[in-house]
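> what's the 3D shape of this:
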Amino acid sequence: MNPGHSETLNNLGSAYAKKGMRERAAAAFEEAIRTDSTCVEALYNLAFLKQRLGHYEAATTLYLDVLRLQPYLPRAHFNLAICHFRQGMLAEAAQHLGTVIDSQPQNAEAHNQLGIVLGEQGDLDGAASHFRAALRVRPGYTAAQRNLEMVLRLKSE
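Predicted coordinates for the structure are as follows:
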């Protein structure tokens, strides 16, 4: 294990990712993880890259590895929730978004996403509540406003 080397490889991967060189970024993140399997940033960055590429199962596994090492990392819970949602795992998505909101009640994106998940589960009242919470935190949040309007229309039908 060489934490300094894994950090360097993670930074290299981040630089490649910023330039759109995804394969090289993934290779650098993977090498950082091989060098130090506890390198949370490399695990997170590889998970995020996999998520952006639509490889939700692989990203899910990596985010779970991140959370085993650092259980209270809200951004990992948030992105894991997105992966679960994309895979149709709504209860799991709601659980991780709830964890984010518990630690960051002012996170408008988490409230909006949880509203979407609850709406998909048929809980229109819960969805509306979270869309309203997102708008209280960030007035003018267009996505939350549109989502709230849609839920209110559905409730009135």
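
> please tell me how far the most centrally placed residue in the chain sits from Ala110.
Nearest residue to the geometric centre of the chain (CA atoms, centre = their mean): Asn79, 1.1 Å. Distance of Asn79 to Ala110, computed by CB to CB, to the nearest Å: 11 Å. (Glycine included, C-beta is placed from N, CA and C.)

> again, but for Gly119
15 Å.

> neighbour count for those two, which is higher?
Ala110 (27 against 19; other CB atoms under 10 Å).

> was I right to think the more buried one contacts Ile101?
Yes - with contacts counted by CB atoms under 8 Å, Ala110 reaches Ile101, the gap being 5.1 Å.

> hey, C-alpha coordinates of the helix or strand containing Asn112 in CSV?
Taking DSSP states H and E as the criterion, Asn112 maps to helix 108-120. Extracted as CSV, the C-alpha positions of helix 108-120 are listed here (Å, rounded to 0.1, in the frame of the first residue of the first chain):
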residue,chain,number,x,y,z
ALA,A,108,-32.4,20.8,-2.7
GLU,A,109,-31.3,18.2,-5.2
ALA,A,110,-31.8,15.4,-2.7
HIS,A,111,-35.3,16.6,-1.9
ASN,A,112,-36.1,16.8,-5.6
GLN,A,113,-34.7,13.4,-6.3
LEU,A,114,-36.6,11.8,-3.3
GLY,A,115,-39.7,13.5,-4.6
ILE,A,116,-39.2,11.8,-7.9
VAL,A,117,-38.6,8.4,-6.3
LEU,A,118,-41.7,8.8,-4.1
GLY,A,119,-43.8,9.8,-7.1
GLU,A,120,-42.6,6.7,-8.9
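
> what about the protein, any weak spots by pLDDT?
1-4 (pLDDT under 70).

> per-domain residue ranges of it.
If you go by automatic domain parsing, the domain ranges for the chain are 1-71, 91-157.

> which one of those domains lies closest to Phe85?
Between Phe85 and the domains of the chain, the tightest spacing by CB to CB is seen for domain 91-157, at 4.2 Å.

> tell me which residues touch Leu64, please.
By CB atoms under 8 Å, 6 or more residues apart in numbering, the contact set of Leu64 is Leu80.
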